[in-house]
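Asks: next input, structure requested:
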Amino acid sequence: MKAASFAYHRPDTVDEAVQLLGEYGDDAKILAGGQSLVPMLAMRLTYFENLIDISRLEELRNIDLIDGEVEIGATTPHSFVGMDDEVADSVPLLTLATPYIGHFQIRTRGTLGGSIAHADPAAEYAAVALALDAQMEAVSSRGHRRIPAAEFFTGLWETSLASDEILTTVRFPVWTGRCGYAVHEFARRHGDFAIAGAVAAVQVDDDDRVSRCAIGLLGLGSTPRRASTAEQAVVGNSVGELTAEEIGGLAVDGLDDIPADLQGSAEYRRKVGATMVARAWTQASTEALDA
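Replies: Numbers count the residues shown, from 1 in each chain. I've put the predicted structure just below:
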């Protein structure tokens with residue numbers, strides 16, 4: 001199939017993009033890398049009369065370490081994020097997550113902001129943003145605002161961005177001290193959407209007790225999710241006090257809207273998700289102890 005006809009706009013600045021979005025409102029959609037939106041348009045799963053292409057806005061393509069946060073511009077390609085030394089040192093989860101995103105061609109065109117704003121429940125960057133309590137910066141004709149990741153994802157392919165807002169920057173906090181990180185997911189083939197997966201960050205103190213833990217879940221709901229029960233269970237305890245299998249079970253316990261489709265039943269995804277959490281926990285906690 002081919003996409004229905006639409007008007008194409010390519011602004012030269014963010015201000016011009018904001019103006020266009022304000023002018024066309026609900027009849028417009030921001031196009032960043034296009035790796036999610038274009039296939040949906042081609043299959044006619046969605047339609048917009050106007051596409052506003054911000055992919056060439058250099059002012060939104062940056063990676064900076066400022067005041068204990070890594071700030072990444074919305075149009076920064078996946079490949080840039082995955083290869084950046086500053087990101088690898090400061091937010092290793094992003095570096096670890098990048099190879100799981102589609103294939104090389106997709107990572108070259110796709111953007112961090114586009115992936116997060118698309119809000120796919122199986123998206124790796126969205127899970128990392130949620131787990132690490134990232135902050136989203138949005139701009140509209142009404143000004144700028146910050147949106148915590150916990151408030152950003154509202155439903156399947158839905159966010160709390162207003163119809164006239166553009167996601168411009170994502171701010172990831174930098175963890176310090178003895179930390180470990182891991183990303184594990186299961187897909188039918190490399191590059192496919194994850195059936196289930198997990199991202200994990202673990203920080204331990206000098207007594208090998210967990211001082212902080214963040215676990216994000218992929219493919220286990222209508223939005224990316226936090227495994228809050230599992231996180232709370234390990235904080236304050238020695239790494240070895242709970243087994244990886246117990247932590248995996250706690251992470252998926254009580255999830256009541258796990259999707260079921262041709263890739264697997266809800267129960268199958270639950271089991272796979274528990275296993276992915278267990279593996280991510282084991283790797284991240286071991287790395288933290290060795291740090």
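Asks: tell me the SS of the closest residue to Asp26 other than its chain neighbours?
Replies: Using C-beta to C-beta, 6 or more residues apart in numbering and skipping the chain neighbours, the partner closest in space to Asp26 is Ser163 (5.3 Å). The C-beta positions use only the backbone N, C-alpha and C, and glycine is treated the same way. Under the three-state scheme (DSSP: H, G, I helix; E, B strand; the rest coil), Ser163 adopts coil.
Asks: would you map out the domains in the chain?
Replies: Following the TED database, one gets these domains for the chain: 7-53, 58-173, 179-290.
Asks: how far away from the center of its chain is the longest one?
Replies: Averaging C-alpha coordinates over domain 58-173 and over its chain gives two centres that are 7 Å apart (C-alpha atoms, centre = their mean, to the nearest Å).
Asks: how about the shortest one?
Replies: With C-alpha atoms, centre = their mean as the basis, domain 7-53 stands 21 Å off its chain's centre.
Asks: quote the end-to-end distance of it.
Replies: For domain 7-53, the separation between the terminal residues is 11 Å (C-alpha to C-alpha, to the nearest Å).
Asks: in the stretch 151-291 of the chain, which spans are helices?
Replies: 228-234, 244-252, 266-290 (DSSP state H, counting those that start in this stretch).
Asks: and the closest residue to Asp12 other than its chain neighbours, how far is that from Ser141?
Replies: Leaving aside its sequence neighbours, Asp12 sits nearest to Leu57 (C-beta to C-beta, 6+ apart; 7.8 Å). According to C-beta to C-beta, to the nearest Å, Leu57 and Ser141 sit 17 Å apart.
Asks: before we move on, back to that, what's the neighbour count on the residue nearest to Asp12?
Replies: 21 (other C-beta atoms under 10 Å).
Asks: pLDDT value on it, please?
Replies: With respect to pLDDT, Leu57 has a value of 95.
Asks: ok, it - contacts?
Replies: Shown in contact with Leu57 (C-beta atoms under 8 Å, 6 or more residues apart in numbering): Pro11, Asp12, Thr13, Val14, Ala17, Thr75.
Asks: related to what we said a few turns ago, nearest to Trp175, of the helices of the stretch 151-291 of the chain?
Replies: Closest of these to Trp175 is helix 266-290, at 10.0 Å (criterion: C-beta to C-beta).
Asks: now that closest one and helix 244-252, what's the angle there?
Replies: 120 degrees (axes from the mean of the first three to the mean of the last three C-alpha atoms, to 10 degrees).
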